[in-house]
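Chemist: have a look at this prediction, sequence included:
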Amino acid sequence: DAKTTQPTSMDCAEGRAANLPCNHSTISGNEYVYWYRQIHSQGPQYIIHGLKNNETNEMASLIITEDRKSSTLILPHATLRDTAVYYCIVRVANQGGSEKLVFGKGTKLTVNP
Amino acid sequence: KAGVTQTPRYLIKTRGQQVTLSCSPISGHRSVSWYQQTPGQGLQFLFEYFSETQRNKGNFPGRFSGRQFSNSRSEMNVSTLELGDSALYLCASSLQGAYTEAFFGQGTRLTVV
């Protein structure tokens, strides 16, 4: 089962910041939070990941609370092309270096003109 | 750098047949994972291969199998196809699995009639 909870859908105006929340209250100390997005049945696209510090890259920022029980993905200036399903994933690593991504249902973000 | 390549992109098969899907990972990546995506169940992990060995397996029947070659290319096979196997099959590659980013291909859309 997915270890994350996200709102089903969100709307955002073009040019404004999109803030996508995620709850992961059962996260373990060595588990990373990853964000992917999927645009209309294409393959999921990696966005960003973090362990406990806030992270920023050219696509987005990731804010993780101090207790690590929740995080927020921020798209600073949303465009129409950011309309997608956004998945917050706690990456479960198994012994031996294997891992699997456990996807929840994600948040359908619609960016409106 | 070329991305993850999946072939074919689309496939139509008849119930009872078998099918083989192919995935070429990003050059240098040794871990390949497979996922099934359906409207009802979302994205579900099938299995992961690393250095030609299956390291992790999801909850799918034995009709679903895979293998990895010495060049890290991977194939998955589904035998005795059922209507419920209609799905988008996604392959993801990463350098070594855990704690390294996973990059997805565009997927193979399988329709079973």
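Modeler: Yes, it's here. Numbers count the residues shown, from 1 in each chain, chains lettered A, B, ... in the order given.

Chemist: what pairs with the residue nearest the centre of chain B across the strands?
Modeler: What sits nearest the mean C-alpha location of chain B, by Cα atoms, centre = their mean, is B:W34, with 3.3 Å. Bridge pairing for B:W34 (DSSP bridges) gives the partners B:F47, B:C91.

Chemist: ok, now B:L21?
Modeler: Going by DSSP bridges, B:L21 forms beta bridges with B:M76.

Chemist: surely it and B:R67 touch.
Modeler: No - using Cβ atoms under 8 Å, B:L21 is not in contact with B:R67, being 11.6 Å away. Any C-beta I mention is one placed from the backbone N, CA and C, and that applies to glycine too.

Chemist: which one of those two is surrounded by more residues?
Modeler: B:L21 (21 against 15; other Cβ atoms under 10 Å in any protein chain shown).

Chemist: show me the contacts for the more buried one.
Modeler: Counting by Cβ atoms under 8 Å, 6 or more residues apart in numbering or on different chains, B:L21 touches B:Q6, B:T7, B:P8, B:L11, B:E75, B:M76, B:N77, B:V78, B:Y89, B:C91, B:T108, B:L110.

Chemist: now do the shared contacts for B:L21 and B:R67.
Modeler: Common neighbours of B:L21 and B:R67, using Cβ under 8 Å, 6+ apart, are B:E75, B:N77.

Chemist: mind putting the contacts of B:L21 into JSON lines with distance to B:Y49 and pLDDT?
Modeler: Shown next, in JSON lines, are those (distance: Cβ to Cβ, whole Å; pLDDT from 0 to 100):
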{"residue": "B:Q6", "distance to B:Y49": "15", "pLDDT": "97"}
{"residue": "B:T7", "distance to B:Y49": "17", "pLDDT": "97"}
{"residue": "B:P8", "distance to B:Y49": "20", "pLDDT": "97"}
{"residue": "B:L11", "distance to B:Y49": "21", "pLDDT": "97"}
{"residue": "B:E75", "distance to B:Y49": "10", "pLDDT": "98"}
{"residue": "B:M76", "distance to B:Y49": "9", "pLDDT": "98"}
{"residue": "B:N77", "distance to B:Y49": "13", "pLDDT": "98"}
{"residue": "B:V78", "distance to B:Y49": "16", "pLDDT": "98"}
{"residue": "B:Y89", "distance to B:Y49": "14", "pLDDT": "98"}
{"residue": "B:C91", "distance to B:Y49": "10", "pLDDT": "96"}
{"residue": "B:T108", "distance to B:Y49": "17", "pLDDT": "97"}
{"residue": "B:L110", "distance to B:Y49": "19", "pLDDT": "98"}
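
Chemist: just the buried members of the residues you listed?
Modeler: B:Q6, B:E75, B:M76, B:V78, B:Y89, B:C91, B:T108, B:L110 (16 or more other Cβ atoms under 10 Å in any protein chain shown).
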